[in-house]
Every structure is written in C-alpha cells, then in structure tokens.
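> sequence-free structure coming up:
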C-alpha cells in the first residue's frame, strides 16, 4: 500500500512539474490553425477581420485524467486606429492539478509602407493576466486506501505578463515573444508547507515564415519554423512546419504538417544499459475557411521509443471572423488578409 501511494505521489509530482513548465497556455501546434495570436500578443488586431477562436484538445483517449486543454480567444482592431485588443481564457487540466487563466491584450501596429498596397508593418503587443494553479488531493486515494493526513488541496493565483513584437514585410513574417516575464509563487502540496516550485516560467518564442505563390495560381505554400526556449530548465525545441492553401469559391482549404523536436535528450534505462531519446512529435492538420467560419482538426503523434501511451493528441478548432474590412495589401499573407 505504501509503495502504491509513493508511486502515485511521485508520478503526480513529475506530471505537475511538467504542467507548470507549460507557462500558462501550453504551447502546442494550434497556432498553425490561423491562431498565431494565441502565442504572440503582437498579433492582436493584425488581420483585416476580428477573430474568435475556440479550441479543445484531448490527449490519450481512454486514459483517466489525461491532459486536456480548452481555449477561447478574441482579438481585433479598434476602428481605423493602429490599436489592437484581445483576450484569452483557458483551462488546462492534467491529472490532479489544473491551471485556469485569462489574459487581456494591447497591441500597436506601425505602418512603414508608402501606401496600403505594399505591406511593411511592425507590431508590438503585451498580455496581462492571472493564472490560478490548483492541486486536488481529494482524489489521490482509491477505495480502501489509507488516507494520508499530510495531503491537502491547494491553490495559488499569480499575475503575469507577456510581451513581444511581429514584423510583416510583403510575404515574409517574424515574431518574437517573451512569456511569463514575472516570477510566480510556489504552491503547497501538503500540510507541512512543502511547495512545488514553479517561480520562473519565462519562455521565449521566435517564429518566422514565408508564403510562396505563382502569379494567378489558387495555390500557395508557407514553410515556417518556431524556436522555443525555457529559461528555468534551459530546454529548447524547434518546430519545422509546411502549410499549403487552396483558394475556393466559398473560401479556402488548407492543411500541412508540423515536426517538433526537442534539442535536449532524456536518459532512460534500456535493459542493462542507459539510453537517451529526444522528444519528437509529428502533427498533421487540416482546415477550411467557409465564408466567415473556420474549422480545423489537428492530430499529434509522439514518435519516441519510450512514451506513456501510444494514443495521439486530438484537437479541434472552431472560429468565426467578423467586422471584416477590405483586403488592403497585395501579398500572400494569410494572417493579414
């Protein structure tokens, strides 16, 4: 019984540390489904339409208390001004702990173009919001298990900010964001006052890409990369993405493939020796823009020798565009036009 309890707590601690390292809204591949604003606040109000996006992600179907994430975001331009605003609500749960949070966004867009045809724009954005972390110890023990008098349910609420910039020049774009700039407080996990430490959640993101298309063609192609660095653990990873668009009478059909690879390896016991592997995901995605509505599906597969479950990660994105204005720029820039 004691061994079972120890294993349960150990797994929970490891999972909690991983989740807390997710710096608020976990950074998956949903930004590729017309949702760059979810990770870069400088993208608020950058498009010619205001946008609402709802996402739901579920990992490991059939596994109790498997990680899940729901997000709701909205952003748009304030009239004809260079100001963009937005907001994000999210719920991230993983086993015995969860994170609930919300951000408000202010962005400012500087135009360097001589006219509204050639796109040349530098944008700045900042998020400010609250994150509530919760550890629920009430379900740690199964039927017949002995109650641990030290176990306790706890919550911690922290304020934090993100800041970054975006640059768009014709068909080229680049984004940089520093997330969770402020330090957080810890959260007690037992009555002795022991804490899970997650004070430094600073994460740095850099994204860049280019959209190619032949003159008069309905097809366009967008290769891109994203680099992510976590300050506290000094871990880093890179996304290599390929996306294709097809213009239709009713809107647009698009899809692509993303490959994420950690640049840091983890060691594990393999028989009589010790081996190492680097986390890697393959994520195909597909979507359709039908008039002002957006629908997308994303599936992530973890391609590692050792993993918790062979099941993948499913995510659905629903969106709606409103207050749309005419497309100002002559460019292959799906995030803008």
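Yes, it's here. Just so it is clear, the structure is predicted and the values come from calculations on it, not from any experiment. Numbers count the residues shown, from 1 in each chain.
> Return the helix or strand in this protein with minimum mean pLDDT.
Here the helix or strand of the chain ranked lowest by mean pLDDT, DSSP states H and E is helix 2-20, holding a mean of 38.
> Heading C-terminal from that helix, find the next helix or strand.
strand 50-59 (DSSP states H and E).
> so where's the chain uncertain?
The model of the chain has pLDDT under 70 over residues 1-23, 60-65, 95, 137-153, 185-198, 266-276, 304-311.
> top strand in it by residue count?
As assigned by DSSP state E, the longest strand anywhere in the chain is strand 251-270.
> So what are the sheet partners of that one and their directions?
strand 235-247 (antiparallel), strand 273-290 (antiparallel) (DSSP bridges).
> What are the buried residues along that strand?
252-256, 258, 260, 262 (16 or more other CB atoms under 10 Å). Heads up, the C-betas are built off the backbone N, CA and C, glycines and all.
> Repeat that for stretch 123-136.
123-129, 131, 133-135.
> Residue 78 and residue 84 touch, don't they?
Yes. Residue 78 lies in contact with residue 84 (CB atoms under 8 Å); the separation is 6.9 Å.
> ok, the two, which is more surrounded?
Using other CB atoms under 10 Å, the more surrounded residue of residue 78 and residue 84 is residue 84, with 26 against 13.
> residues in contact with the more buried one?
44-46, 75-78, 105-109, 123, 125 (CB atoms under 8 Å, 6 or more residues apart in numbering).
> List buried residues within those residues.
44-46, 75-77, 105-109, 123, 125.
> So which of those sit within helices?
Among those, no member falls in helices (DSSP state H).
> Make a markdown table from the residues you listed and add distance to residue 334 to it.
Shown next, in a markdown table, are those (distance: CB to CB, whole Å):
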| residue | distance to residue 334 |
| --- | --- |
| 44 | 17 |
| 45 | 16 |
| 46 | 11 |
| 75 | 16 |
| 76 | 17 |
| 77 | 17 |
| 105 | 20 |
| 106 | 24 |
| 107 | 18 |
| 108 | 22 |
| 109 | 17 |
| 123 | 16 |
| 125 | 19 |
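> out of the residues you listed, which are inside strands?
Among the buried ones among the contacts of residue 84, the members falling in strands (DSSP E) are 75-77, 105-109, 123, 125.
> related to what we said a few turns ago, mind listing the shared neighbours of residue 78 and residue 84?
residue 45.
> what about the residue nearest to residue 25 when sequence neighbours are not counted, which helix or strand?
Distances taken as CB to CB, 6 or more residues apart in numbering place residue 90 nearest to residue 25, at 5.0 Å, with adjacent residues excluded. Under the criterion of DSSP H and E, residue 90 resides in strand 83-94.
> Note down every partner strand of that strand and its orientation.
strand 68-77 (antiparallel), strand 97-111 (antiparallel).
> want to throw the ones you listed into TSV with distance to residue 325?
TSV is the format used below for the strands paired with strand 83-94 (distance: least, CB to CB, whole Å):
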stretch	distance to residue 325
strand 68-77	8
strand 97-111	14
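> quick revisit: closest to residue 70 out of the strands paired with strand 251-270?
Residue 70 lies closest, by CB to CB, to one member of those: strand 273-290, at 17.9 Å.
> Now do the buried residues in that closest one.
277, 279, 281, 283, 285, 287-289.
> what residues does the next helix or strand after it touch?
Proceeding N to C from strand 273-290, the next assigned helix or strand is strand 293-302, under DSSP H and E. With CB under 8 Å, 6+ apart as the test, strand 293-302 has contacts from 28-30, 32-34, 53, 57, 279-288, 312-321.
> I'd like the distance between the nearest residue to residue 122 once chain neighbours are set aside and residue 333.
Excluding its sequence neighbours, the residue lying closest to residue 122 (CB to CB, 6+ apart) is residue 110, at 4.7 Å. Distance, residue 110 to residue 333, using CB to CB, to the nearest Å: 16 Å.
> Looking at those two now, which is surrounded by more residues?
residue 333 (22 against 12).
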